[in-house]
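[1] build the 3D model from these lines:
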Amino acid sequence: MSDKVVIRIENVSKQYRLGQVGTGTLSHDLKRWWALTRGQEDPYLKVGVQNDRTKKAESDYAWAVRDISFDVNQGDTLGIIGKNGAGKSTLLKLLSRVTSPTLGRIKIRGRIASLLEVGTGFNPELTGRENIFLNGAILGMTKKEISAKFDEIVAFAGVQMYIDTPVKRYSSGMYVRLAFGVAAHLEPEILIVDEVLAVGDAEFQKKCLGKMSDVAGHGRTVIFVSHNMQAVQSLCKRTVYLNSGKLVEIGETSQVINNYLSREVKNCLSRVWDEHVSNGEHIKLLRADIIPIGSEDGQIALETSVKVRVEFINLKNIKLNLSLLVYTTAGLCVFNLISEQQEVAAGTVCVGELVIPGGLLNNDMYTIVLHFVKNYTVKLLTVEDLLSFEVIEAERTGKWFGKWLGAVRPAIDFNLIQRI
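    From the prediction side, this is the model:
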């Protein structure tokens, strides 16, 4: 490897056996042994279905990642994105040496600190203090080096009161706070962070992103997996896009995210819930629709107004209001609308409606999240990804080439006046 390259991934694949581990493997082991004794390749490396969790398996094996190759340079901030099941976490486990590749090889230069799940590397019976020193020792730090960083780690994690309490009594948020503090402050050459940061609150996530930026600014390497495109955009210079275990694209973050969103996020203008499916004890959803107003072809252009309609049954006598949020696919909340609270009798069919005026949103994909709330404070039901829709630019105006910046694009006159 060159002096700049700290991670080199060469044709790496990881295969897993489907079904119950240890059932019916003797015949496979015999076939594998017979092939290898005759100098032939392992026959089970030639088979295996693509890692698409939505399809029925046609083989006993599946490739979690398949034939991936790329380099990571010192000081890089690399994002990894993709749908659930794309192979992101498997790739991080391979880089962290939690598991080994079935094919290919990985070359790594430098110490790695990984945060792949809540409490990674922690012994639940030990206290927070003891786990800090244990993790530091695993990373190759001396006791003196760990002691020098100890107060900074505890302050960052905000667990001073519980530092001498066994971590098995920590909440998931406390766990991840301390685990990230240890991983980020003990100065590894390579920091690997999975979506685990989603466990923390918004303030802690902001602190983590700031700390990862600081780590990268000191010449160390950060690899970050997240479904929050805004976080990936703000932190990472380059991004890897995985789909069904395969490398689709690697390059400049903005371009890769745009390609990912255009390929993976689809319009969902209507949903109907089965009458036998329960949404909880308070609300029974019936249907939700996005209705373009005045659009003959059903497309939503910049100037098209959009009606959002939700129909549901209230199951208990409660004071109820709705909170509707519109997000860009990059994870930015464009706005949050809250309905007036009403006293609703049990068994009442209710309809929530609002109109998003044309000339407000930019040309982009948008996702709607809906909360059913009691007394403005208690969330009764949250529906993530309720609906999604795309706003398109029907034709070029000639005023601008390419996509305009911003989540909104309000139709506001901006005049230039010349004084004579």
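[2] mind listing the helices for the stretch 201-350 of the chain?
    202-217, 229-235, 253-264 (DSSP state H, counting those that start in this stretch).
[3] what distance separates the longest one from the centre of its chain?
    Relative to its parent chain, helix 202-217 has a centroid offset of 16 Å by C-alpha atoms, centre = their mean, to the nearest Å.
[4] what's next to it, contact-wise?
    75-77, 156, 173, 176-177, 180, 184, 191, 193, 197-198, 200, 222, 224, 231, 234-235 (C-beta atoms under 8 Å, 6 or more residues apart in numbering). Every residue, glycine included, has its C-beta placed from N, CA and C.
[5] neighbouring contacts of stretch 349-357?
    For stretch 349-357, using C-beta under 8 Å, 6+ apart, the contacting residues are 286, 293, 305-314, 320, 322, 324, 326, 337, 339, 344.
[6] now do that stretch, average pLDDT.
    Per-residue pLDDT values across stretch 349-357 average out to 94.
[7] for that stretch, C-alpha coordinates in CSV please.
    As requested, the backbone C-alpha atoms of stretch 349-357 are provided in CSV (Å, rounded to 0.1, in the frame of the first residue of the first chain):
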residue,chain,number,x,y,z
VAL,A,349,-64.2,8.3,12.0
CYS,A,350,-61.9,11.3,11.6
VAL,A,351,-60.3,13.0,8.6
GLY,A,352,-57.3,15.2,8.8
GLU,A,353,-56.7,17.5,5.8
LEU,A,354,-54.2,20.1,4.8
VAL,A,355,-53.1,21.8,1.6
ILE,A,356,-49.4,22.5,0.8
PRO,A,357,-49.6,25.5,-1.6
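[8] ok, now which ones touch the residue nearest to residue 96 when sequence neighbours are not counted?
    The shortest distance from residue 96 to any non-neighbouring residue, by C-beta to C-beta, 6 or more residues apart in numbering, is to residue 114 (3.9 Å). Applying C-beta under 8 Å, 6+ apart, we find residue 114 in contact with 92, 95-96, 98, 120-121, 183, 192-193.
[9] just the ones in helices from the residues you listed, please.
    92, 95, 183 (DSSP state H).
[10] for those, which single residue is the most surrounded?
    For the ones in helices among the contacts of residue 114, counting by other C-beta atoms under 10 Å, the largest number of neighbours falls to residue 183: 23 neighbours.
[11] contacting residues for that one?
    113-115, 120, 135, 191, 193.
[12] again, 6 Å this time
    Neighbour list for residue 183: 113, 115 [criterion: C-beta atoms under 6 Å, 6 or more residues apart in numbering].
[13] mind checking pLDDT for it?
    Spelled out, the predicted local distance difference test score at residue 183 is 77.
[14] coming back round to it: turn the ones in helices among the contacts of residue 114 into JSON lines, columns for distance to residue 164.
    Putting the ones in helices among the contacts of residue 114 into JSON lines (distance: C-beta to C-beta, whole Å) gives the following:
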{"residue": "92", "distance to residue 164": "31"}
{"residue": "95", "distance to residue 164": "33"}
{"residue": "183", "distance to residue 164": "21"}
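[15] tell me the one among those residues nearest to residue 34.
    residue 95 (33.6 Å; C-beta to C-beta).
[16] and the nearest residue to that closest one once chain neighbours are set aside, bridged to which residues?
    Sequence neighbours aside, residue 192 is the residue nearest to residue 95 in space, at 6.0 Å (criterion: C-beta to C-beta, 6+ apart). The partner list for residue 192 in beta bridges (DSSP bridges) reads residue 114, residue 223.
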